[in-house]
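# The sequence and its predicted three-dimensional model are supplied below.
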Amino acid sequence: MSLAFDFRQKTTVLWHVQRVKRMVREMGGFGPHMLVSVTEINCDDPACPGPATQITVLGLDVLRRVFVIHRPVAEVTAADLGILRH
């Protein structure tokens, strides 16, 4: 693989991470005072076909909320984030 291909892959993943962060903030009603982290992780579940997306939300109350969606970050949709609605 070339350096350009690796760069393109990484920028694509970064774009999707930012897209999911925006959706999490909008759908969860989380303001700028909340830390939102989106990461692709290896899925330990044998039924999971590949990487999973871990979403961590940390507020001023220092309560950490972790959500795992069993699909790559590029495939996460607003329907997957329905668990965030209050």
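Cool, got the structure. Residues are numbered from 1 along each chain as shown.
# Model confidence at the residue nearest the centre of the chain, what's the number?
With distances taken as CA atoms, centre = their mean, the residue of the chain nearest its centroid is residue 38 (3.4 Å). Per-residue pLDDT puts residue 38 at 97.
# One more: residue 62?
For residue 62, pLDDT reads 88.
# Can you name the residues that contact it?
Counting by CB atoms under 8 Å, 6 or more residues apart in numbering, residue 62 makes contact with nothing. Where you see a C-beta, it was placed from the backbone N, CA and C, and this is true even at glycine.
# sec struct for it, please.
coil (DSSP: H, G, I helix; E, B strand; the rest coil).
# shift numbering so it begins at 25
All set: I'll call the first residue 25, so the last point we hit is now residue 86.
# give me phi/psi at it?
phi 60, psi 30 (degrees, to the nearest 10).
# Would you map the helices across the protein?
27-52 (DSSP state H).
# burial measure for the residue nearest to residue 95 when sequence neighbours are not counted, as a count.
Of all residues not flanking residue 95 in the chain, residue 77 sits nearest, at 6.5 Å (CB to CB, 6 or more residues apart in numbering). Residue 77 has 24 neighbours, counted by other CB atoms under 10 Å.
# Ok, residue 97 next?
25.
# so how far is residue 53 from it?
21 Å (CB to CB, to the nearest Å).
# can you check residue 103 too?
18 Å.
# and if you look at residue 106?
13 Å.
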